[in-house]
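Engineer: Just a sequence and a predicted model for now, questions to come.
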Amino acid sequence: LKDLTVGRVWDAQLNIYEKEIMSVVSAAQGENSLQEFLKEIKAIWVAFELKLVPFHNKTNLIQNWDDLFAQAAEHITQLTAMKGSPFYKTFEEEATTWEEKLFKIRDVFEEWNEVQRRWVYL
């Protein structure tokens with residue numbers, strides 16, 4: 001097919017295949033939505049900045065724990081909900097990797113937060 005005109009589209013009587021076309025469009029939209037969500041997660045976590053504040057001119061402490069934990073919890077919840085999508089299988093490996101990363105991030109920083117809290121009170 002070299003030339004595509006509206007007239008040729010009309011002549012193809014695509015209305016006969018409306019259900020099939022709508023099914024393909026729906027699947028593409030669903031997959032695109034999941035793909036964009038995974039891109040968003042990556043963009044947020046690659047750029048997530050830990051806010052450091054000086055402590056007694058000795059060291060810096062992380063200040064934005066609440067933001068970090070809230071963002072991790074939100075993304076973990078969304079990734080879990082994503083599993084209910086009929087289009088999940090296409091992105092299962094990437095989604096599972098992100099879910100594992102976020103659980104690790106949460107666990108490591110919970111421990112770090114506890115150590116930092118105890119150290120401050122020494």
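Structural biologist: Now that the structure is in, tell me what you want to look at.
Engineer: Which helix or strand in the chain has the lowest average pLDDT?
Structural biologist: When each helix and strand of the chain is scored by mean pLDDT, DSSP states H and E, helix 6-11 comes last, with a mean of 86.
Engineer: Kindly export that helix (C-alpha atoms) in CSV.
Structural biologist: Only the C-alpha atoms of helix 6-11 are listed here, as CSV (Å, rounded to 0.1, in the frame of the first residue of the first chain):
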residue,chain,number,x,y,z
VAL,A,6,-9.9,8.6,3.1
GLY,A,7,-11.7,7.3,0.1
ARG,A,8,-9.7,4.0,0.2
VAL,A,9,-10.5,3.7,3.9
TRP,A,10,-14.2,4.1,3.2
ASP,A,11,-14.0,1.6,0.4
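Engineer: Could I get the average pLDDT for the helix or strand that it is followed by?
Structural biologist: Counting by DSSP states H and E, the next helix or strand C-terminal to helix 6-11 is helix 18-47. In this model, helix 18-47 carries a mean pLDDT of 95.
Engineer: Thank you kindly, that will do.
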